[in-house]
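*Asks:* structural data only, the sequence is not supplied:
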C-alpha cells in the first residue's frame, strides 16, 4: 500500500526565540488531500547549528542528530500504526501521555507494572533493581534513551564492579533488563537503530562463566544416607531431594502444585517461570519415584481436593506479592537448614535449592541421558540453556573415555 503521508524534521525560521534560536518542528505532509502541518518539538537551534547537525551531519553533533532522528522515527511509527492516516488521529496519538513519556524510566515502570499484573514478581523485582542501579549511576531521577551510549554502559559496568561491589552476574542481569527495555523502545519507534547501544562494535553485555552448582554422585549418596540432626533439617532434606528427583523442579513450582496436577504415577504442570510468556509451552511431566510419593504423603495437605495445593507453603487467599514472600521464606528455610545438614554430613559446599536443579541435569547426563532428554525434562526452550546447567564429566569418566579411544577391538 502506498504511503499517504511523509514526515520530516524542519527548522521553522519564521520567528526566532528569545535566545535567537529557531524551533525544530515535525513537518507532516499528505498528498490526498494536499496538506501540510507543523508540530512542535522540544528542540531549537540556530540556522548554522541545524545545518551542521542535520544537513552536514558533522560528527561532533552526533548526539543532537540522534535526538532529532528519534523524534522523527517515533512520529513515523505513530502514523504507520494508524488504520488510516488523518491529522486528527495522528495528533491524538502524538500528544498522548504515552508518547510524551518516552523515557527510560517510563518504559521500566510500564514493564514492571505488566510483570506484576502477570504475577511475575521475581522478574518485576529484577527490573526494579536494574532501574535503580542505572539512576544511581546517572545521579538523576530521570534517564533519557539518548543518554545511554556504549561509553556510558562501559562506565556503568566498571562502576558497578569496582565501586559498588556487584558481581559480573548481577551486572549482566541488570543490563539484560535494560536491553529488553531498549528493544521495546526500538519497536515503538522511540529510538533509532543508530541510537541502539548494544551489539557488534557497540557494547556487549558481560557473560560471566558461572560456577557449576552440581553435586557429584558420591556427594548425593552421602547426603541421601545421612541422618539430619533436627526436624527442620529433615524437612529441608525432604524438599531438596524431592526437587532433585522430580526433574530438578523449581521451588516456586513445588509451592504451586495442586492435587489436580497429581496422578498415581505422575505430576503434570506448567512452569510458573514461563507460563505467562510462552503460550505454546508444553506441560512438564514428572514420573514419580517411591521417594517422591513418600514426600507427598508425608508433607501433603488434606483433604486432597483437586484445587488444593499439595504442600502448605503458600496461602491461596493472599495476594501475589504475599505469596511471593512466602515462597522466598520457604526457600530461605530450606537453604539455611540444608547447608547445616550438609556440613554435618561432611559436604562443605554452600548448597542451595538451585543446586538440586543443576545436580539433576548434570547427573542425568553423566548417567547416559541425552541432552535433548534433559532439556525436555527441565522444560528448556533451547539446548544451549541446558548445556549451561551441565557441570561437565568427572575426571574418572574422562580417563575412562580416553582409554577407550585406542580400544579398537
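*Replies:* Happy to help now that I have it. Please read all numbers here as calculations on a predicted model, not as lab measurements.

*Asks:* three-state assignment of residue 336?
*Replies:* Look at residue 336: counting by DSSP: H, G, I helix; E, B strand; the rest coil, its state is helix.

*Asks:* for residue 41, same thing?
*Replies:* Relying on three-state DSSP, one would call residue 41 strand.

*Asks:* give me the neighbour count for it.
*Replies:* Residues near residue 41, counting by other CB atoms under 10 Å, number 17. Where you see a C-beta, it was placed from the backbone N, CA and C, and this is true even at glycine.

*Asks:* grab the nearest non-local neighbour of residue 137.
*Replies:* Among residues not flanking residue 137 along the chain, residue 156 sits closest, at 5.0 Å (CB to CB, 6 or more residues apart in numbering).

*Asks:* checking my notes, that neighbour in a helix, right?
*Replies:* Yes. If the criterion is three-state DSSP, then residue 156 is within a helix.

*Asks:* and it, how far from residue 370?
*Replies:* Noted for residue 156: a distance of 41 Å to residue 370, by CB to CB, to the nearest Å.

*Asks:* and the closest residue to residue 346 other than its chain neighbours, what does it touch?
*Replies:* Distances taken as CB to CB, 6+ apart put residue 222 closest to residue 346, at 6.5 Å, once the chain neighbours are dropped. Neighbour list for residue 222: 345, 346, 347 [criterion: CB atoms under 8 Å, 6 or more residues apart in numbering].

*Asks:* of those, buried ones?
*Replies:* Buried subset of the contacts of residue 222 (neighbour count, 16 or more other CB atoms under 10 Å): 345, 347.

*Asks:* counting neighbours, what do you get for residue 75?
*Replies:* For residue 75, the count of nearby residues is 24 (other CB under 10 Å).

*Asks:* to which secondary structure element is the residue minimising distance to the centre of the chain assigned?
*Replies:* Geometric centre of the chain, nearest residue: residue 177, 5.6 Å, by CA atoms, centre = their mean. Per DSSP states H and E: residue 177 is located in helix 168-187.

*Asks:* how about that helix: buried residues?
*Replies:* Buried residues in helix 168-187, counted by 16+ other CB under 10 Å: 168, 170-175, 177-179, 181-182, 185-186.

*Asks:* which neighbouring elements make contact with it?
*Replies:* Under the contact criterion of 3 or more CB pairs under 8 Å, 6 or more residues apart in numbering; DSSP states H and E, helix 168-187 touches helix 104-117, helix 121-138, helix 150-162.

*Asks:* can you tell me what sits against the last one?
*Replies:* To tie it back to what came earlier, the one meant is helix 150-162. Under the criterion CB under 8 Å, 6+ apart, residues 133-134, 137, 166-168, 170-171, 174-175, 197-198, 202-203, 206 lie in contact with helix 150-162.

*Asks:* identify the farthest-apart pair in those.
*Replies:* For the contacts of helix 150-162, the maximum inter-member distance is 23.2 Å, found between 167 and 202 (CB to CB).

*Asks:* residue 57 - how many residues pack around it?
*Replies:* By other CB under 10 Å, 11 other residues sit near residue 57.

*Asks:* and for the one 4 residues further on?
*Replies:* The number of residues packed around residue 61, counting by other CB under 10 Å, is 17.

*Asks:* tell me the secondary structure at the nearest residue to it once chain neighbours are set aside.
*Replies:* Residue nearest to residue 61 in three dimensions, not counting chain neighbours: residue 53, with 4.3 Å by CB to CB, 6+ apart. Under three-state DSSP, residue 53 falls in the helix class.

*Asks:* quick revisit: looking at residue 156 and residue 370, which has the bigger crowd around it?
*Replies:* Each of residue 156 and residue 370 has its neighbours counted (other CB under 10 Å); residue 156 has more, 22 against 11.

*Asks:* ok, that one to residue 130 distance?
*Replies:* According to CB to CB, residue 156 stands 11 Å off from residue 130.

*Asks:* show me what the mean pLDDT comes to for stretch 125-143.
*Replies:* What stretch 125-143 shows for mean pLDDT is 93.

*Asks:* then stretch 204-216?
*Replies:* 78.
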